[in-house]
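**Student:** show me how the following folds:
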Amino acid sequence: MIKKEKKVKIFVLFMIFSLVFAGTVFSAESDLKMTDEKKEKTIGEIQLEFIQGVADFTNVGELEKAIALFDSVPEELKNDNELFLIKASLLISAGKYNEASTLLNSLESKNPQNIDVLEMKIILAKAIGSSQKINQEKARAISKVLALDPNNPVANIELGQQNVLQKKYKLAKGYFQKALIKAPTDLSAIFGIGQTSYYLGDLDDSKLAFKKMLVINPNVAIAYQYLGKLEAEDENYKKATEFIEKAILLDSSNFDFYMDLGTYKRFLGKFDDAEKAWSKAISLNPSYFLAYAYRAGLYDELGKFDLALNDYRKVIETNPKYYFAYEALGILAWHAGNWEEARVAFEKAYSYNKENISYPLMISACYIKMKKLPQAKMFLAPVMKTKTDRNSLDYMMLRLFHDQGPGNAESAIALKIQKEEKATQKGKMLYYFGLYYSMKGNINLAAKYFAEVTNMQSPLFFEYRLAEWGLQK
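**Tutor:** Prediction:
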């Protein structure tokens with residue numbers, strides 16, 4: 001989305017200054033017909049002079065000094081409620097939310113039907129953030145605005161954005177369309193149409209919206225980003241790259257832009273560029289996990305396992321709930337011979353998915369690799385109790401790892417694996433049978449079963465990679 005804080009500040013100030021010049025000043029001019037011309041011009045001049053003073057400070061970012069000017073408002077302007085909307089906007093921009101709320105409540109009490117005040121209350125609530133009380137205040141303000149003006153842009157855009165967050169894209173799109181009735185060039189509303197159309201699969205509507213944004217303002221970076229996404233939908237990654245690079249030229253500090261750039265470069269086979277893009281994203285937001293995950297996947301694909309392992313560690317550090325990273329970390333730690341790290345990672349993955357037989361088998365294998373067979377047995381005993389079918393391959397393999405034999409169990413498993421019809425299950429069990437023999441020191445039998453896995457040529461399970469590595473040793 002368009003940057004919220006910057007957008008709110010610019011919109012608020014622009015709206016209020018426009019309001020004052022188009023409303024208060026013009027009303028003063030119309031009053032000339034009824035009162036002394038010289039006197040009214042003097043009031044108008046006082047008003048313009050005061051506003052210019054406020055503008056001079058805000059233009060250089062001196063919000064505190066701009067706000068302080070209102071402590072000495074000329075007597076002629078002290079009842080100018082619309083002028084004090086400027087102060088409310090400045091208070092919001094300065095983060096003085098309590099003062100802004102008090103002022104807006106006072107202005108609303110004087111004129112409960114003033115849409116400008118109600119709109120400002122919506123903006124204030126949005127700036128404060130989410131809480132039950134604030135959400136209720138915002139909902140009340142929105143309701144009042146829409147009762148007075150059903151197509152009000154501020155209220156409808158806010159409702160649209162709320163529904164986007166809830167992934168109610170069709171409903172959100174309707175609100176943005178209402179906003180456009182009164183504000184056909186509002187960039188937030190047009191962006192809303194483009195974004196919701198994208199998520200709804202209405203890609204032609206989405207493309208039209210983002211192109212319209214650029215007609216209105218050719219420097220809207222996020223419009224280029226989404227046009228890139230739309231090109232990527234058609235696998236036109238070269239064109240997608242051109243669009244996202246335009247977005248980066250306009251905003252080189254946007255994390256998401258570099259994430260997209262890396263993705264497009266990877267699809268184009270430009271792996272070095274993809275790595276650079278995701279590294280840049282990490283430098284912009286080192287506490288977010290996703291760029292580490294993407295770069296780790298790239299390193300893994302390129303065989304840079306040490307680098308991939310380090311990145312998966314960062315994924316877990318920055319997002320401990322990212323389940324998929326634990327499996328990847330376990331695999332690469334296993335490859336590196338870091339048995340303890342692999343065990344901990346597989347245990348975490350197992351805690352998220354108790355149905356995957358791979359995890360308890362890998363955990364027990366890690367214990368055995370560390371020469372901790374008693375711990376492996378202690379771990380496997382309760383796992384076996386969860387398997388009610390004692391004739392299943394899952395149970396039989398768990399039992400084999402627990403008992404470390406005997407020969408008749410090995411023969412029974414060898415026969416049962418050959419009869420297994422499901423490719424994934426067969427491939428997994430072939431690997432663990434090979435791993436069992438490998439840990440027992442029977443390298444020839446281990447290689448035989450690892451080779452059977454790799455000959456399947458269907459790497460839909462992570463044990464396929466482990467079998468390949470097993471053959472390389």
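**Student:** grab the nearest non-local neighbour of residue 142.
**Tutor:** Leaving aside its sequence neighbours, residue 142 sits nearest to residue 155 (C-beta to C-beta, 6 or more residues apart in numbering; 4.7 Å). (C-beta placed from N, C-alpha, C; glycine too.)
**Student:** next up, the contacts around that neighbour.
**Tutor:** By C-beta atoms under 8 Å, 6 or more residues apart in numbering, residue 155 lies in contact with 119, 122, 141, 142, 145, 146, 149.
**Student:** repeat the analysis, applying 10 Å as the threshold.
**Tutor:** Applying C-beta atoms under 10 Å, 6 or more residues apart in numbering, we find residue 155 in contact with 115, 118-119, 122, 138, 141-149, 175, 178-179.
**Student:** repeat that for residue 467.
**Tutor:** Counting by C-beta under 10 Å, 6+ apart, residue 467 touches 427-428, 430-432, 434-435, 446-447, 449-456, 459, 461.
**Student:** same check on residue 453?
**Tutor:** 426-434, 459, 461, 463-468, 470-471.
**Student:** what's the PyMOL syntax to select whichever of those residues are buried?
**Tutor:** Applying 16 or more other C-beta atoms under 10 Å to the contacts of residue 453 leaves a buried subset, and the PyMOL line that selects it is:
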select buried, resi 426+427+428+429+430+431+432+433+434+461+463+464+465+466+467+470
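**Student:** okay, and which of the contacts of residue 453 map to helices?
**Tutor:** Using DSSP state H, the members of those that fall within helices are 426-434, 463-468, 470-471.
**Student:** list the buried ones in the host helix or strand of residue 324?
**Tutor:** Assigned by DSSP states H and E, residue 324 belongs to helix 323-335. By 16+ other C-beta under 10 Å, the buried positions in helix 323-335 come out as 325, 326, 327, 328, 329, 330, 331, 332, 333, 334, 335.
**Student:** ok, now how distant is the second one from residue 289?
**Tutor:** When you say that, I think you mean residue 326. Counting by C-beta to C-beta, to the nearest Å, the separation of residue 326 from residue 289 is 12 Å.
**Student:** overlap in contacts, the two.
**Tutor:** 312, 315, 316, 320.
**Student:** mind listing what the third one touches?
**Tutor:** So that's residue 316. In this structure, residue 316 makes contact with 289, 292, 293, 322, 325, 326, 328, 329, 344, 345, 348, judged by C-beta under 10 Å, 6+ apart.
**Student:** what's the helix or strand for it?
**Tutor:** Assigned by DSSP H and E, residue 316 falls in helix 305-318.
**Student:** the inter-axis angle of that helix versus helix 463-472?
**Tutor:** 140 degrees (axes from the mean of the first three to the mean of the last three C-alpha atoms, to 10 degrees).
**Student:** tally of neighbours for residue 309?
**Tutor:** Residues lying near residue 309 (other C-beta atoms under 10 Å) number 21.
**Student:** so who does it touch?
**Tutor:** Taking C-beta under 10 Å, 6+ apart, we find residue 309 in contact with 296, 299, 300, 328, 329, 331, 332, 333, 335, 336, 338, 341.
**Student:** out of these, who's nearest residue 306?
**Tutor:** Proximity of these to residue 306 (C-beta to C-beta) peaks at residue 336, which lies at 7.3 Å.
**Student:** hmm, residue 312 and that closest one touching each other?
**Tutor:** No - assessed by C-beta atoms under 10 Å, residue 336 is found out of contact with residue 312, at 11.4 Å.
**Student:** run through the helices of the stretch 151-300 of the chain in chain order.
**Tutor:** Along the stretch 151-300 of the chain, counting by DSSP state H, counting those that start in this stretch, helices occupy 153-165, 169-182, 187-200, 203-216, 221-233, 237-250, 255-267, 271-284, 290-301.
**Student:** could I get the buried residues of helix 323-335 as TSV with pLDDT and distance to residue 69?
**Tutor:** TSV is the format used below for the buried residues of helix 323-335 (pLDDT from 0 to 100; distance: C-beta to C-beta, whole Å):
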residue	pLDDT	distance to residue 69
325	96	53
326	97	57
327	97	60
328	97	58
329	97	58
330	98	62
331	97	64
332	97	61
333	98	62
334	98	67
335	97	66
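**Student:** need the CA coordinates for stretch 118-138. PDB is fine.
**Tutor:** Provided in PDB are the C-alpha atoms of stretch 118-138 (Å, rounded to 0.1, in the frame of the first residue of the first chain):
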ATOM      1  CA  LEU A 118     -15.700  13.700  11.200                       C
ATOM      2  CA  GLU A 119     -13.200  12.900   8.400                       C
ATOM      3  CA  MET A 120     -10.400  14.100  10.500                       C
ATOM      4  CA  LYS A 121     -11.600  11.900  13.400                       C
ATOM      5  CA  ILE A 122     -11.400   8.900  11.000                       C
ATOM      6  CA  ILE A 123      -7.800   9.900  10.100                       C
ATOM      7  CA  LEU A 124      -6.900  10.400  13.800                       C
ATOM      8  CA  ALA A 125      -8.300   6.900  14.700                       C
ATOM      9  CA  LYS A 126      -6.300   5.400  11.800                       C
ATOM     10  CA  ALA A 127      -3.100   7.100  12.900                       C
ATOM     11  CA  ILE A 128      -3.500   6.000  16.600                       C
ATOM     12  CA  GLY A 129      -3.900   2.300  15.600                       C
ATOM     13  CA  SER A 130      -6.100  -0.600  16.600                       C
ATOM     14  CA  SER A 131      -7.800  -0.900  19.900                       C
ATOM     15  CA  GLN A 132     -11.400  -1.600  20.800                       C
ATOM     16  CA  LYS A 133     -12.100   1.900  21.900                       C
ATOM     17  CA  ILE A 134     -10.400   3.500  18.900                       C
ATOM     18  CA  ASN A 135     -12.100   1.200  16.500                       C
ATOM     19  CA  GLN A 136     -15.400   2.100  18.000                       C
ATOM     20  CA  GLU A 137     -14.700   5.800  17.700                       C
ATOM     21  CA  LYS A 138     -13.600   5.300  14.100                       C
END
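**Student:** low pLDDT regions in the protein?
**Tutor:** 1-42 (pLDDT under 70).
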